[in-house]
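J.: pasted the sequence and its predicted model underneath.
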Amino acid sequence: MPDTIVTTIPIQSQTPAIQTGVGAAVSRIDGPLKVTGRARYTSDHRFPGMLIGVPVCATVASGAIRGIDTSVAAAMPGVRIVYTHDNIGKFFHINAASGVKTDERRPPLEDNTVRYYGQYVALVVADTFEQATAAAAAVKVDYRRDPHDVSKLLATSDQPKTDTERGNPDQAFASAAAAVRLDETYTTPVETHNPIELHASVALYDGATQSFTLYETSQAIVNHRGVMSQMLGVPPENMRIVTEYLGSGFGGKLWPWGHSLLAAQAARNLRRPIKLVISRDMMFHNVGHRTNTQQRIRLAATSGGKLLSLQQDYLFHVAQEEASVEHCGESTAYLYGTDNMRITGAPVKRHIAPNTSMRGPGAVPGLFATESAMDELAVRLNIDPVQLRLLNEPATDQSIRAPFSSRHLREALLTGAERFGWARRNPQVGSMQQDGEILGWGMAACSWIAKRLGAEASVTLGSDGTARIYSAVQDIGTGTYTVVSQMVAELTGMPMAKIIVAIGDTRLPPGPMSGGSMATASMVPAVAQAARTAMTQVLSLASEHERSPFRGVKTDALAFTQGRVHRRDQSPQSGVPFADILAAAQVSGVDGKGKSGPSSEDPGAKTISIHSYGAHFVEVRWQPDIARLRVSRVVTVIDAGRIINPRTGRNQIEGAVVMGIGMALFEQTHYDPRNGKPVNNNLADYVMVTNADSPEMDVVFLDYPDKALDEIGARGIGEIGIAGIAPAVTAAVYHATGVRVRDLPVDIEDLLQAPYRYRA
């Protein structure tokens, strides 16, 4: 079994004069590996005797397998075996009470029932990818076809679940005080994850120890280990998951999918390494998607703009058996103040593959509806959209009757308006023109949850003058290697060139998942405790060892600063490097361990509201004569506590803004009603934002550390950048064209109906 620990290389250009701790805009320490091709992604792994697996996917959306003819495929050159339900072997279901999670609980090839187009029905294993692909195409499957439903229009006879309710929203909506009422429905389509890196598994099995090593495209390696150990029926200690680098995930790689089980089972059966990389086509039906949503929003307000009632009733589609909930009302409950509110949600079953998390699950489609409705309300009230939001700023989180830990949405709105030049906005539709184009200006507020997950870490201070950090967290491309190094640099005062990070391997202390913008904040207390424990051990050696220059000095009279041990009442320069203390004691290194629980277990966790906030300002340009619409400029102001690395942080927000523009203008998955197939299942027909579509972006971080979550005061920022972008774009589209788009994405066909009087 390979047992190499995943490590990074230190920054080669670092000098002591460069700030490297928390708040420094340093380059990613894994950058040199990536730009030189030395960073190993899952599909880069090669092992002697490795075979290739290619799945066979169902071509009906509902029915049953009446028979599979594998004879031709099995006889083709290089084919080792064709697995079906009859010969793959036994999988187990996960124990729901164990805390591990997967969005497709049914194991692959478990039975002959087909529940969605693309479901795995067989697996070909061959010597090469080309041989396996050709053989998979030769497998003949006879189906019984049953009726199926992949329609977008959502309705349910089931009683929706009430997420939040206070006051009497129906009575307030109908009251005489409600000068303006709004009752509209907004929809968002299915969106498919399309990271550059395809999902992949490389599975090794050791028959002597009955243990697995799985190289995975995973955003949560500890959870992945738990799921795979349960479904394959081996103890967790016999399951090792490694994710050195990830080519982005955006939520699609949070939870294990069926291809991982197929690769692992084939490796166990054949006693050979197995690589299985799913195709771009399979990305559209085997590894989740953002479900479509249908949301009815009802608002009532006084003539002065105060909200009297807010109601949100949302529906979302789910698979036949699995139901990943899209909590569209997640941010609605606390974003604006009103005494009367009701939020309900309900799933609607479709013959479509299981949905899963996508960047900003729940809140992102939810904010499209609520922020779009707020913009419409502002127009009807003839109140500036920024002012309407300021008028409804709550003093406390009314959903849990608790104060906010730190909330600076008002400042985000005002700062964004000033930087964007909002005061120059003429509210009349189509009135602003420049260089022969009609300008549209729109804005929206945004918010995202801030939580910590349980995490462990260890820090080793070595006699070679380095610090090594170990934790089974993973870097999904957002900069975890770098920010964890910065945390230790902050605590020890050491340059990052002397800090090495080892993550991405479940043999290390258990780390958090990289999802929900929670990984960084989760690592803070564990890393801090581990570093301080190691530093304390160095000080104890300095105080007690006979060859120490500080022998006899009480430990509490010593300090560890800038990587040096010194008397607390003297400067760091008066002391010695900590490595000298270890060398004098003939100790190779000291280890500190740190562990922290989830924020939900903090004392008083239910008595404070912890979230991040922000505001987006968007400019679109519309050329009606050639039906050309583009987003030209975005100003985003984010209130997310202390930013550990402004450079990687800005990268995350910029990427999220681009993704939000894709949501607003381009992205949607179409299903063929005849067979349930995703028809635009490739990067030519599934349209996403390119460099040519990317606008000028100005990202501003407000600096208000939030110590309620962690000692650094950092909150997550991965999701909040996409939250609210789509409604800001459609608000700008309305301002330019007079067309109110309530069904994403914006279609040029909709804009061709723009009133002629608004055309240039």
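T.: All right, it came through fine.
J.: the stretch 601-750 of the chain: strands as residue ranges?
T.: Ranges of strands in the stretch 601-750 of the chain, per DSSP state E, counting those that start in this stretch, are 611-623, 628-639, 696-702.
J.: adjacent strands (with direction) for the longest one?
T.: The partner list of strand 611-623 in its sheet, established with DSSP bridges, is strand 437-449 (antiparallel), strand 628-639 (antiparallel).
J.: and those strands as TSV, adding distance to Ser324?
T.: From N, CA and C alone the C-beta is placed, and that goes for glycine too. Formatted as TSV, the strands paired with strand 611-623 follow (distance: least, Cβ to Cβ, whole Å):
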stretch	distance to Ser324
strand 437-449	17
strand 628-639	27
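J.: could you dump those strands to TSV with distance to Ala137 and mean pLDDT?
T.: Formatted as TSV, these follow (distance: least, Cβ to Cβ, whole Å; pLDDT from 0 to 100):
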stretch	distance to Ala137	mean pLDDT
strand 437-449	44	97
strand 628-639	41	97
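J.: just say which of those strands is most tucked in.
T.: A comparison of these by mean neighbour count, using mean count of other Cβ atoms under 10 Å, puts strand 437-449 on top with a mean of 25.
J.: and the helix or strand just after it, what does it pack against?
T.: Reading on from strand 437-449 to the C-terminus, the next helix or strand found by DSSP states H and E is strand 455-462. Other elements packing on strand 455-462 under the criterion 3 or more Cβ pairs under 8 Å, 6 or more residues apart in numbering; DSSP states H and E are strand 467-471, helix 519-544, helix 578-584, strand 589-596.
J.: need the contact partners of the helix or strand that comes right after the shortest one.
T.: As assigned by DSSP H and E, the chain's next helix or strand after strand 467-471 is helix 480-492. The set of residues external to helix 480-492 that reach it, using Cβ atoms under 8 Å, 6 or more residues apart in numbering, is 8, 20-22, 24, 26-30, 459, 461, 467, 469, 471, 473-475, 494-496, 499, 501, 503, 514, 519-520, 523-524, 527-528, 531-532, 535, 560, 563, 644-645, 648, 712.
J.: ok, now stretch 520-528?
T.: Defining contact as Cβ under 8 Å, 6+ apart, one finds that stretch 520-528 is touched by 450-457, 459, 469, 471, 473, 480, 483-484, 487-488, 491, 509, 511-512, 594-596, 598-599, 644, 709-712, 714-716.
J.: ok, back up a step: for Val733, which of the strands paired with strand 611-623 is the nearest?
T.: Nearest of the strands paired with strand 611-623 to Val733, taken as Cβ to Cβ: strand 437-449 at 5.8 Å.
J.: over to stretch 148-162 now: how far is its first residue from its last?
T.: Distance across stretch 148-162, first residue to last, is 29 Å (Cα to Cα, to the nearest Å).
J.: sorry, that was for stretch 422-438
T.: 16 Å.
J.: now the strands of the stretch 601-750 of the chain as TSV including distance to Ile65?
T.: Formatted as TSV, these follow (distance: least, Cβ to Cβ, whole Å):
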stretch	distance to Ile65
strand 611-623	47
strand 628-639	46
strand 696-702	50
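J.: what's the first-to-last distance across stretch 282-290?
T.: From its first residue to its last, stretch 282-290 covers 15 Å (Cα to Cα).
J.: centre of the chain to it, how far?
T.: 16 Å (Cα atoms, centre = their mean, to the nearest Å).
J.: who touches that stretch?
T.: 55, 57, 103, 116-120, 188, 190-194, 198-199, 251-253, 255, 257-259, 278, 324, 326, 352-358, 361, 365, 669, 677-678, 681, 686.
J.: could you count how many residues lie near Gln159?
T.: As a burial measure, Gln159 scores 8 neighbours (other Cβ atoms under 10 Å).
J.: mind checking pLDDT for it?
T.: The score at Gln159 is 90. That number is its pLDDT.
J.: that one: which element?
T.: Here Gln159, judged by DSSP H and E, is contained in no helix and no strand.
J.: who's in contact with the nearest residue to it once chain neighbours are set aside?
T.: Counting by Cβ to Cβ, 6 or more residues apart in numbering, Gln159 lies nearest to Ala346, which is 7.7 Å off, once chain neighbours are set aside. Listed by Cβ under 8 Å, 6+ apart, the contact set of Ala346 reads 156, 158-161, 314-315.
J.: which SSE is Ala346 in?
T.: Going by DSSP H and E, Ala346 is part of strand 341-349.
J.: what distance do you get for the closest residue to Val687 other than its chain neighbours to Val658?
T.: Of all residues not flanking Val687 in the chain, Phe666 sits nearest, at 4.2 Å (Cβ to Cβ, 6+ apart). From Phe666 across to Val658, the span is 11 Å (Cβ to Cβ, to the nearest Å).
J.: pull up the overlap in contacts between these two.
T.: Joint contacts of Phe666 and Val658 (Cβ under 8 Å, 6+ apart) are 689, 693.
J.: neighbour count winner among the two?
T.: Between Phe666 and Val658, counted using other Cβ under 10 Å, Val658 has the larger neighbour count: 23 against 17.
J.: chain neighbours aside, what residue packs nearest to that one?
T.: Nearest residue to Val658, sequence neighbours excluded (Cβ to Cβ, 6+ apart): Val689, at 5.0 Å.
J.: Ala656 is in contact with the one you found, correct?
T.: No - in this structure, Val689 is not within contact of Ala656 by Cβ atoms under 8 Å, at 11.5 Å.
J.: and the two? which has more neighbours close in?
T.: Ala656 (26 against 20).
J.: so what's that one closest to, chain neighbours aside?
T.: That would be Gly721: by Cβ to Cβ, 6+ apart, it lies 2.7 Å from Ala656.
J.: what's near enough to touch the one you found?
T.: 614, 636, 638, 652-657, 659-660.
J.: distance of it relative to Thr415?
T.: Counting by Cβ to Cβ, the separation of Gly721 from Thr415 is 16 Å.
J.: from the opening residue of stretch 65-73 to its closing one, how far?
T.: End-to-end span of stretch 65-73 (Cα to Cα): 18 Å.
J.: what about it, distance to the chain center?
T.: For stretch 65-73, the distance to the chain centre is 39 Å (Cα atoms, centre = their mean).
J.: list the buried residues in that stretch.
T.: 65, 68, 70, 73 (16 or more other Cβ atoms under 10 Å).
J.: do the same with stretch 320-337
T.: Buried residues in stretch 320-337, defined by neighbour count with 16+ other Cβ under 10 Å: 320, 322-337.
J.: narrow the contacts of stretch 520-528 to those that are buried.
T.: Buried among those (16+ other Cβ under 10 Å): 450-457, 459, 469, 471, 473, 480, 483-484, 487-488, 491, 509, 511-512, 594, 596, 599, 644, 709-710, 712, 714-716.
J.: touching, Asn680 and Phe666? I think so.
T.: No - assessed by Cβ under 8 Å, Asn680 is found out of contact with Phe666, at 10.9 Å.
J.: ranges for the strands of the stretch 301-450 of the chain?
T.: Using DSSP E, counting those that start in this stretch, strands in the stretch 301-450 of the chain cover 307-318, 341-349, 432-434, 437-449.
J.: and the second one with strand 307-318, angle?
T.: Using axes from the mean of the first three to the mean of the last three Cα atoms, to 10 degrees, the direction of strand 341-349 lies 10 degrees away from that of strand 307-318.
J.: could you list the low-pLDDT ranges of the protein?
T.: By pLDDT under 70, the weakly predicted segments of the chain are 1-19, 756-760.
J.: per-domain residue ranges of the protein.
T.: Per the record, the chain has its domains at 31-35+452-597, 51-148+195-284, 402-449+608-758, by automatic domain parsing.
J.: run through the helices of the stretch 651-760 of the chain in chain order.
T.: Secondary structure of the stretch 651-760 of the chain (DSSP state H, counting those that start in this stretch): helices at 725-737, 748-751.
J.: of those helices, which is nearest Ser218?
T.: Taking Cβ to Cβ, helix 725-737 is the member of these nearest to Ser218, at 27.2 Å.
J.: what is the closest one packed up against?
T.: helix 363-381, strand 437-449, strand 611-623, strand 628-639, helix 646-665.
J.: distance of Val689 relative to Glu654?
T.: From Val689 to Glu654 the distance is 11 Å (Cβ to Cβ).
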